[in-house]
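Undergrad: With the sequence up front, the predicted model follows.
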Amino acid sequence: MVTIIILVIIAVIIIWLIAMYNGLVTLKNRTDEAWSDIDVQLKRRHDLIPNLVETVKGYAAHEKETFEKVVQARNAAMNVNGSAADRAQAENALSSALKSVFALAENYPDLKASQNFLELQRELTDTEDKIQAARRFYNGNVRDLNIKIESFPTNIMADSLGFKKRDFFELAAPEERENVKVSF
């Protein structure tokens, strides 16, 4: 009888450990999937930017510095291979540069009326919305994974199996929360 009780307890512990491990794997994979969703939308944005810059250049050729900032920010964002925080910082710099281009367009009525510019602006706005949704999805999965990794007793198993906390995809510096200032 004692042997059966011990076997039942061992079986329950094994099932519990398997469930805990599977829960960690599930959350890790969901987080990886969410990061992939962000990557897809960022690639889409990176592909649209050269078209936008070329369209705006035709109307505002003397605004060379603004275009250079956008291109530099795009190249920096495309070449980040670091953590989510590094990627977020580069992408937020690119978002700021893009806002400058759209603010610049306000001073060029012909540009604002250009069908090509309007379509690119619509595409980028749609992409930005999708990036924000992907960020929220990613951050929700990171939150769930981090809670699971930090919670007792899962934290013991997570640490021993190499599960690590993830960084949120967020603004790195307070000045990135401010509106873009454009002056002519």
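TA: Now that the structure is in, tell me what you want to look at. Nothing here was measured: the structure is a model prediction, and the numbers come from that model. Numbers count the residues shown, from 1 in each chain.
Undergrad: Which positions within the helix or strand Arg122 falls within qualify as buried?
TA: When elements are defined using DSSP states H and E, Arg122 is found to belong to helix 115-150. If you call a residue buried by 16 or more other CB atoms under 10 Å, then helix 115-150 has these buried ones: 117, 120-121, 123-124, 127, 130-131, 134-135, 137-139, 141-142, 145-146, 148-149. Any C-beta I mention is one placed from the backbone N, CA and C, and that applies to glycine too.
Undergrad: ok, now how distant is Leu120 from Val70?
TA: Applying CB to CB, to the nearest Å, the value for Leu120 to Val70 is 13 Å.
Undergrad: Touching both of those two, which residues are there?
TA: Between them, Leu120 and Val70 have Leu52 as joint contacts when contacts are counted by CB atoms under 8 Å, 6 or more residues apart in numbering.
Undergrad: about what we covered before: show me what the helix holding Arg122 is packed up against.
TA: In terms of contacts (3 or more CB pairs under 8 Å, 6 or more residues apart in numbering; DSSP states H and E), helix 115-150 is packed against helix 2-59, helix 84-105, helix 154-160.
Undergrad: Quick one: closest of these to Met78.
TA: helix 2-59 (5.4 Å; CB to CB).
Undergrad: C-terminal to the closest one, what's the next element?
TA: Beyond helix 2-59 toward the C-terminal end (DSSP H and E), the next one is helix 64-78.
Undergrad: now that next one against helix 2-59, angle please.
TA: With axes from the mean of the first three to the mean of the last three CA atoms, to 10 degrees defining the directions, helix 64-78 sits at 160 degrees from helix 2-59.
Undergrad: Buried residues of helix 64-78, list them for me.
TA: Of the residues in helix 64-78, those scored as buried under the neighbour-count criterion (16+ other CB under 10 Å) are 66-67, 69-70, 73-74, 77.
Undergrad: which one among those gets closest to Ile5?
TA: When these are compared for distance to Ile5 (CB to CB), Ala77 wins out at 59.7 Å.
Undergrad: Surely that closest one and Ser95 touch.
TA: No - Ala77 lies out of contact with Ser95 (CB atoms under 8 Å); the separation is 9.3 Å.
Undergrad: Quick one: distance of stretch 38-57 to the chain centre.
TA: Average the C-alpha atoms of stretch 38-57, do the same for its chain, and the two points are 16 Å apart (CA atoms, centre = their mean, to the nearest Å).
Undergrad: Okay, buried residues for it please.
TA: Burial within stretch 38-57, assessed by neighbour count using 16+ other CB under 10 Å, is assigned to 38, 41-42, 45-46, 48-49, 52-53, 55-56.
Undergrad: Among the residues you listed, pick out the one closest to Glu91, please.
TA: Nearest to Glu91 among those, with distances taken as CB to CB, is Leu42, at 6.3 Å.
Undergrad: could you measure that closest one against Asn22, distance?
TA: Relative to Asn22, Leu42 is positioned 30 Å away (criterion: CB to CB).
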